[in-house]
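Student: fold the stuff below for me.
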Amino acid sequence: MAGFVLKLSRQAAGLTQEKFAELLGVDPTTVQGWESGRRPLAAIGAGELLKLGARLSRAGAPASTGRHLGEAIEADLVLATGITAGDSWVDPDHHPLAAAVHRRTLTNLITWPFTGSTPPQLGEFIPKVPRRGPVTTRPLLHVDERTRFLDHLVHVTERAGYASEPLLRRQAVYLLGFDRRAHVVDWLRDEWHRVGRRTIPGDDVTGLLEARSASVALAATGEGEHIHDFVSRMSDRDEVANLNYWAYWIGELGDVRTDDSFMRDVDTRSWSGSVLLAHLSNRLDPTTPHLPLNLHTLHALVASRPELLDGRPRLRASLTESLDRLASGDSLTRTGRDQVAGLRYALRIFGR
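Tutor: As a prediction, the model looks like this:
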């Protein structure tokens, strides 16, 4: 990941590999090695990485280049750990999936080789140098590397204790949602029946999130009934945990967390909700398998903080258009139509 992000940032600065090497005072083969992954960027050390990001930004790359490179190295560490271990166990004290709660930007980088979708946060890297020949649009993993990484996730979910290593297991479950192998889909279905069909105790946020991950993953395979079931079973405390999770996921809740316990915090004033409102408003596509969860979360956010709609005429107009499109289609359940009606009513109040 880091090598590919370095390539994007170099191109955004308008530098060829040769010019970049000259700027750094290194041989062009060193730059080629970094970008291809043959020379891991993590090996140059944190200080040198900071300098590298700063040099690129001064040359014309986005100011956020250093942050993107650092996050890509984190993604490389997750992938390398799984690929190296395969179906072997890694002590949780040394496993990156057990170190901190992941955000959307990091997860997008980890799953990039599997989805083929460029992480949205990298959209600011606009190339300014002509491309030569066929262009690779994403980092690539060999088939055996992909298999070893995914097999490692399966091993983690089977070995990690639900109570003893909740974060490690939960984040492995989430990443398994990007594994389309039939036996893994079967495993996710069993996982849903284990955690999604039972009443989750009020303090068991990990159980809630594992049920969420399984239902979201199964929805992507075409089994949409599970995500509807998950949404319908959420209690008031689950609603709060879901909102806190989303706020952290998109970066609105700033501090890095090392476990999931913060999601049960009933005082949500540590985040404003404005970024989450915009994020969810842009995710009401009738064709997305995750629409029930996105719509439900948006409805819960506006119900708890209706003042977020005040003073945002452009967002209200865009949201009104999205809701009108949903209301005119046939993708909504009765609950979904009630939620759309509630949101439209709130928009009318603040549109007066």
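
Student: all the helices of the stretch 251-352 of the chain, in order from the start?
Tutor: Under the criterion DSSP state H, counting those that start in this stretch, the stretch 251-352 of the chain contains helices at 274-281, 291-304, 313-328, 334-350.

Student: can you say which of those is packed in most?
Tutor: helix 291-304 (a mean of 21; mean count of other CB atoms under 10 Å). (Each C-beta comes from the backbone N, C-alpha and C, glycine too.)

Student: show residues contacting that one.
Tutor: If you take CB atoms under 8 Å, 6 or more residues apart in numbering as the criterion, helix 291-304 is touched by 212, 215-216, 219, 224, 227-228, 230-231, 234, 239, 242-243, 246, 268, 273, 276-277, 280-281, 283-285, 288, 308-309, 326, 331-333, 336, 339-340, 342-343, 346.

Student: now it - C-alpha only, CSV.
Tutor: Presented in CSV, the C-alpha positions along helix 291-304 are these (Å, rounded to 0.1, in the frame of the first residue of the first chain):
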residue,chain,number,x,y,z
LEU,A,291,-29.2,1.2,2.6
PRO,A,292,-31.2,-0.1,5.6
LEU,A,293,-28.4,0.6,8.0
ASN,A,294,-27.4,3.9,6.4
LEU,A,295,-31.0,5.2,6.5
HIS,A,296,-31.6,3.9,10.0
THR,A,297,-28.5,5.6,11.3
LEU,A,298,-29.3,8.9,9.6
HIS,A,299,-32.8,8.8,11.0
ALA,A,300,-31.4,8.2,14.5
LEU,A,301,-28.9,11.0,14.1
VAL,A,302,-31.5,13.6,13.1
ALA,A,303,-33.9,12.4,15.7
SER,A,304,-31.3,12.9,18.4
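
Student: next, the angle helix 313-328 makes with it.
Tutor: 130 degrees (axes from the mean of the first three to the mean of the last three CA atoms, to 10 degrees).

Student: chain center to helix 291-304: distance?
Tutor: Mean C-alpha position of helix 291-304 versus that of the full chain (CA atoms, centre = their mean, to the nearest Å) differs by 18 Å.

Student: same deal with stretch 149-167?
Tutor: The chain centre lies 19 Å from the centre of stretch 149-167; the measure is CA atoms, centre = their mean.

Student: which of the helices of the stretch 251-352 of the chain sits closest to Ala160?
Tutor: Among the helices of the stretch 251-352 of the chain, the nearest to Ala160 by CB to CB is helix 291-304 (24.9 Å).

Student: report the contact partners of Glu165.
Tutor: Glu165 sits next to Pro92, Ala98 when contact means CB under 8 Å, 6+ apart.

Student: just the pLDDT for it.
Tutor: Here the pLDDT value assigned to Glu165 is 92.

Student: what's the average pLDDT for stretch 175-190?
Tutor: Average pLDDT, stretch 175-190: 94.

Student: residues making contact with that stretch?
Tutor: 97, 107, 110-111, 114-115, 150, 153-154, 157, 173, 213-214, 216-218, 220-221, 223.

Student: buried only: go through the residues you listed for me.
Tutor: Burial by neighbour count, judged by 16 or more other CB atoms under 10 Å, picks out 97, 107, 110-111, 114, 150, 153-154, 157, 173, 213-214, 216-218, 220, 223 from the contacts of stretch 175-190.

Student: for stretch 2-15, which positions count as buried?
Tutor: 2-13, 15.

Student: all helices for the stretch 1-150 of the chain, in order.
Tutor: With DSSP H, counting those that start in this stretch as the criterion, the stretch 1-150 of the chain has helices spanning 2-12, 17-24, 28-36, 46-59, 65-85, 104-115, 143-159.
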